[in-house]
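Chemist: okay, structure incoming, though there's no sequence with it:
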């Protein structure tokens, strides 16, 4: 569905934000549950948190750029309501994964 | 120097909250007259958040070890185990949200109320998450204080 006023970057980076937020939560669980993953991340940049930040920001920025290239360069078409729904859900799931993990899983 | 770096991190974080609240209120009372200001303040919020993130990240990587040891030996180990651990990862999400704010504000806000709703929600989530980060920071500082008092 097309939306007057909404830019292709608003849609593509919004979807990417939702995706990267969930990926952020999953990466937290992966590295905290597996010493091998954490050691590997530590080795790449010298600190696991720096590697974590770089990976997630790369997913966000790369994903946003990639989604904007789809559909012959016009980007993904989506209503503002559906986009907002996706972003809010992605951020909520990502946040709950992190808080939930440190509250009960760790 | 260590303390100044930490206070600068807090200062930029607060500046990000203030500018994002500004965006929220301007979008809530939107007119063509404040479109340029919404976009400027969105960029400013993103700049403040990136500065807070970089300064805080530098402090965390280089200086936090000492505070962590004090917290873990003290009566409030959860100040690290829960508050710091969740803060250091939730802040990445906050950084992405604030980076997204000027991108969303670049859409034609005058044409569609739906698009304004996206900016309104994003700025609202940023403010809530940023206030949560401020609270986490306070709990971590209290964890250090409790650890020092128990010595």
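Modeler: Okay, I see it. Just so it is clear, the structure is predicted and the values come from calculations on it, not from any experiment.
Chemist: please name the nearest non-neighbouring residue to the residue minimising distance to the centre of chain B.
Modeler: By CA atoms, centre = their mean, the mean C-alpha position of chain B lies nearest to residue B:130, the distance being 3.8 Å. Using CB to CB, 6 or more residues apart in numbering or on different chains and skipping residues adjacent in sequence, the residue nearest residue B:130 is residue B:17, 4.7 Å away. C-beta: built from backbone N, CA, C; applies to glycine.
Chemist: how about that neighbour, phi and psi?
Modeler: Main-chain torsions, residue B:17, degrees, to the nearest 10: phi -60, psi -50.
Chemist: residue A:46 now?
Modeler: As for residue A:46, its main-chain torsions (degrees, to the nearest 10) stand at phi 100, psi -20.
Chemist: quick check, pLDDT for it.
Modeler: Taken from the predicted model, the pLDDT recorded for residue A:46 is 94.
Chemist: before we move on, the earlier item: how about the contacts made by the residue nearest to the centre of chain B?
Modeler: Applying CB atoms under 8 Å, 6 or more residues apart in numbering or on different chains, we find residue B:130 in contact with B:13, B:16, B:17, B:20, B:49, B:94.
Chemist: which residues touch the second one?
Modeler: With contact set as CB under 8 Å, 6+ apart, residue B:16 has these partners: B:45, B:48, B:49, B:52, B:98, B:126, B:130.
Chemist: which of these has the largest number of neighbours?
Modeler: Of all the contacts of residue B:16, the highest neighbour tally under other CB atoms under 10 Å in any protein chain shown goes to residue B:45, namely 29 neighbours.
Chemist: which non-adjacent residue is nearest that one?
Modeler: Leaving aside its sequence neighbours, residue B:45 sits nearest to residue B:19 (CB to CB, 6+ apart; 4.1 Å).
Chemist: contacting residues around that neighbour?
Modeler: With CB under 8 Å, 6+ apart as the criterion, the residues that contact residue B:19 are B:41, B:44, B:45, B:48.
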